[in-house]
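> what's the 3D shape of this:
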Amino acid sequence: MTPTPTALAALMQAFFDAVSFEPGGRPPYERLHGLFIDGGLLIRNIGPAPEVTGVAQFIAPRQRSVEAGELTAFRETELAEITEVFGQVAHRTSTYAKTGTLNGQAFSARGVISTQFVSTPTGWRISAMAWDDERPGLALPARYAPPAA
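Take a look at the predicted model:
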């Protein structure tokens, strides 16, 4: 089943919606389970070593932070993307922006997420995501930069 570009875009948007929430709200993290295959991976690679988790392990510390009143808002959005499909596998490189409030302090960052998708009997699902944030010495490559406004 070859996906339409809108099907993969909708899956990415569903991911961003599941991790985002406004002040006073709660993130719908439970939705993430339906977006990934069993054994799907989320890989945060912004530090000295990759943090590799499954969906439940990804959700747990974030949920604790929300429940403790530490993370009080978070919004992540896709700014630009490059999507490639071959048969029953697809890959999307997304430029993202994130903003939020952690321990009363506003934060923001941009970066790149590399997402793999696979076709399953129940539709397209995410098999793995890996991301890194911009920082001094690491800027978005021109080909991943969001279009000028």
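> count of neighbours near residue 136?
The local packing of residue 136 (other Cβ atoms under 10 Å) involves 5 other residues. Backbone N, C-alpha and C define where each C-beta goes, glycine included.
> isn't residue 127 right up against residue 43?
No. Residue 127 is beyond contact range of residue 43, at 11.6 Å (criterion: Cβ atoms under 8 Å).
> just the strands in the protein please.
36-44, 51-53, 71-86, 89-102, 105-120, 123-133 (DSSP state E).
> Relative to residue 14, which of the ones you listed is closest?
When the strands of the chain are compared by Cβ to Cβ, strand 123-133 sits nearest residue 14, at 9.4 Å.
> Enumerate the positions of the closest one that are buried.
By neighbour count on 16 or more other Cβ atoms under 10 Å, the buried set for strand 123-133 is 124-132.
> repeat for stretch 20-36
Buried residues in stretch 20-36 (16+ other Cβ under 10 Å): 20-21, 27, 29, 32, 35-36.
> Would you report which members of those are assigned to helices?
Of these, none are assigned to helices by DSSP state H.
> Number of residues surrounding residue 143?
Residue 143 is flanked by 9 other residues according to other Cβ under 10 Å.
> Excluding sequence neighbours, find me the nearest residue to it.
residue 82 (7.4 Å; Cβ to Cβ, 6 or more residues apart in numbering).
> Spit out the contact partners of the one you found.
Shown in contact with residue 82 (Cβ atoms under 8 Å, 6 or more residues apart in numbering): 92-93, 143-144.
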